[in-house]
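Visitor: Here is a sequence with its predicted model. Questions after.
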Amino acid sequence: MSEALFRSRALAQAQTHEDKADLVRLSPAWTRWAYWVIVGGALSAFLYVGLARVDEWAQGPALVHVEGATELTAKAPGTIARVAVEPGQVVDRGDLLATLTADNERAQLKRLQQEFDLQLARTLRDPSDQAARQSLVSLRVERDLAQTRLSDLFLRAPRAGVVDDIRVRAGQAVNPGDHILTLGGEQSSCTIWALVPGRYRPELELGALVHFNVHGYRYAQASAELSSVGAQVLGPREVTRYLGNEIAGALNIEGPTVIAKAELPGCTFTSDDDVFRFHQGMGGSGEVQLRSEALWAVLFPDLRKVFRWFE
């Protein structure tokens, strides 16, 4: 019944002279613009795939090594009595930097000097006394050694420079070889030492781009070109021995490692529009560029064979 009703109405509508409605009506202007947009997007995609490049990087911990800086260490065991300088202070050659307690050494030197003077007087009274002469020579050697031990307790600047880093405080006990402070200079240069996983050694090439991201500073990055690469792949123990326990202890060294170096154009970096200076041992992360390939070669690796065949 319902089918007959709708059919009769459809026949009646078809017999009228009114315009028939379209099932789908498309705007010619819209379709024309859409066509060119699609064509433009496709061409842009082809150009991007053909011209864009993809970089591959080797990453690892890194640190700053200040070339030209002098690390001053303790020459004798003792206790720091006084630190005579502050970080950033300019010093001249021979200026006193720090002293260790020297009461025992002074007393010993005073005693030896008195004995030497007495023996010298005896020798002058009787120049033919060979025993007195031998004793005088022995006392002179002991006195000179005591003077050397005493002078070792006074740390002085071997050259003019700027105090960069102080590692001790008054009352601290030190042993021979312990780091006291670092003396820098105006002609210092800074080098990035990146600890790259050893498997990347065959792919590291001089002149490759190196990025150094400074830990603790937002948006702080320094870039340079790779200037030298270690000839051997080292284990964690060898790397620690090369860097030193103090510096290596602050880095996460795991597995075989190769040391890649890049000399920075300057010893400063920028973070949040503020300029800071690099210091010896500052840590961060390093990125060394391995290769740069076209995007099409990465997406369609089989096409490389085609181009090689044409070559």
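Guide: Great, that's in hand. Numbers count the residues shown, from 1 in each chain.
Visitor: residues touching residue 161, list them.
Guide: Contacts for residue 161 (Cβ atoms under 8 Å, 6 or more residues apart in numbering) come out as 70, 90, 91, 183, 184, 185. No exception for glycine: its C-beta is placed from N, CA and C like everyone else's.
Visitor: Same check on residue 170?
Guide: By Cβ under 8 Å, 6+ apart, the contact list for residue 170 reads 80, 81, 82, 83.
Visitor: Then residue 174?
Guide: Residues in contact with residue 174 (Cβ under 8 Å, 6+ apart) are 74, 77, 78, 79, 80, 100, 168, 180.
Visitor: PyMOL command for the buried members of those?
Guide: To isolate in PyMOL the members of those that are buried, counting by 16 or more other Cβ atoms under 10 Å, one can use:
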select buried, resi 74+78+80+100+168+180
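Visitor: In helices, which of the contacts of residue 174 fall?
Guide: Residues of the contacts of residue 174 located in helices (DSSP state H): none.
Visitor: Which one of the contacts of residue 174 is nearest to residue 217?
Guide: For the contacts of residue 174, the closest approach to residue 217 (Cβ to Cβ) belongs to residue 168, at 26.4 Å.
Visitor: For residue 91, see how far away the closest one is.
Guide: According to Cβ to Cβ, to the nearest Å, residue 168 stands 16 Å off from residue 91.
Visitor: pLDDT weak spots in this protein?
Guide: Low-confidence regions of the chain, defined by pLDDT under 70, span residues 1-7, 9-28, 105, 109, 185-187, 245-246, 248-250, 296-298, 300-311.
Visitor: Check which helix or strand the residue nearest to the spatial centre of it maps to.
Guide: Residue closest to the average C-alpha location in the chain (Cα atoms, centre = their mean): residue 63, at 2.2 Å. Assigned by DSSP states H and E, residue 63 belongs to strand 53-67.
Visitor: before we move on, what about residue 289?
Guide: Applying DSSP H and E as the criterion places residue 289 in strand 283-294.
Visitor: The residue nearest to the centre of the chain and residue 244 touch, don't they?
Guide: No - when contacts are counted by Cβ atoms under 8 Å, residue 63 is not listed as touching residue 244 (10.7 Å).
Visitor: Show me which residues of the strand holding residue 289 are buried.
Guide: For strand 283-294, burial by neighbour count (16+ other Cβ under 10 Å) applies to 283, 284, 285, 286, 287, 288, 289, 290, 294.
Visitor: Just list whatever residues bridge to the third one.
Guide: For residue 285, the residues forming beta bridges with it (DSSP bridges) are residue 61, residue 213.
Visitor: I'd like the distance between it and residue 278.
Guide: Distance from residue 285 to residue 278, by Cβ to Cβ: 15 Å.
Visitor: got it, and the second one?
Guide: Separation of residue 284 from residue 278 (Cβ to Cβ): 10 Å.
Visitor: any idea how far residue 196 lies from residue 141?
Guide: Distance of residue 196 to residue 141, computed by Cβ to Cβ: 53 Å.
Visitor: Neighbour count: those two, which is higher?
Guide: More crowded of residue 196 and residue 141, by other Cβ atoms under 10 Å: residue 196, with 28 against 10.
Visitor: Show me what the helix or strand containing that one is packed up against.
Guide: Using DSSP H and E, residue 196 falls within strand 189-197. If you count contacts as 3 or more Cβ pairs under 8 Å, 6 or more residues apart in numbering; DSSP states H and E, strand 189-197 packs onto strand 53-67, strand 209-214, strand 221-229, strand 257-263, strand 283-294.
Visitor: looking at those, which is buried most?
Guide: The highest mean neighbour count among the helices and strands packed on strand 189-197, using mean count of other Cβ atoms under 10 Å, belongs to strand 257-263: a mean of 22.
Visitor: out of the helices and strands packed on strand 189-197, which comes closest to residue 127?
Guide: Among the helices and strands packed on strand 189-197, the nearest to residue 127 by Cβ to Cβ is strand 53-67 (57.2 Å).
Visitor: Show me what that closest one is packed up against.
Guide: Applying 3+ Cβ pairs under 8 Å, 6+ apart, we find strand 53-67 packed against strand 189-197, strand 209-214, strand 257-263, strand 283-294, helix 295-299.
Visitor: Which of these sits closest to residue 50?
Guide: helix 295-299 (5.8 Å).
Visitor: list the buried ones in stretch 155-173?
Guide: 155, 157, 161, 162, 163, 164, 165, 166, 167, 168.
Visitor: So what would you say the end-to-end distance of it is?
Guide: Start-to-end span of stretch 155-173 (Cα to Cα, to the nearest Å) is 15 Å.
Visitor: Next, please give the residue ranges for the helices of this protein.
Guide: Taking DSSP H, the helices of the chain run over residues 2-15, 28-51, 103-125, 130-152, 236-243, 245-248, 295-299, 303-310.
Visitor: TSV for those, including distance to residue 220?
Guide: What follows is the helices of the chain, written out as TSV (distance: least, Cβ to Cβ, whole Å):
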stretch	distance to residue 220
helix 2-15	77
helix 28-51	31
helix 103-125	47
helix 130-152	40
helix 236-243	22
helix 245-248	20
helix 295-299	30
helix 303-310	38
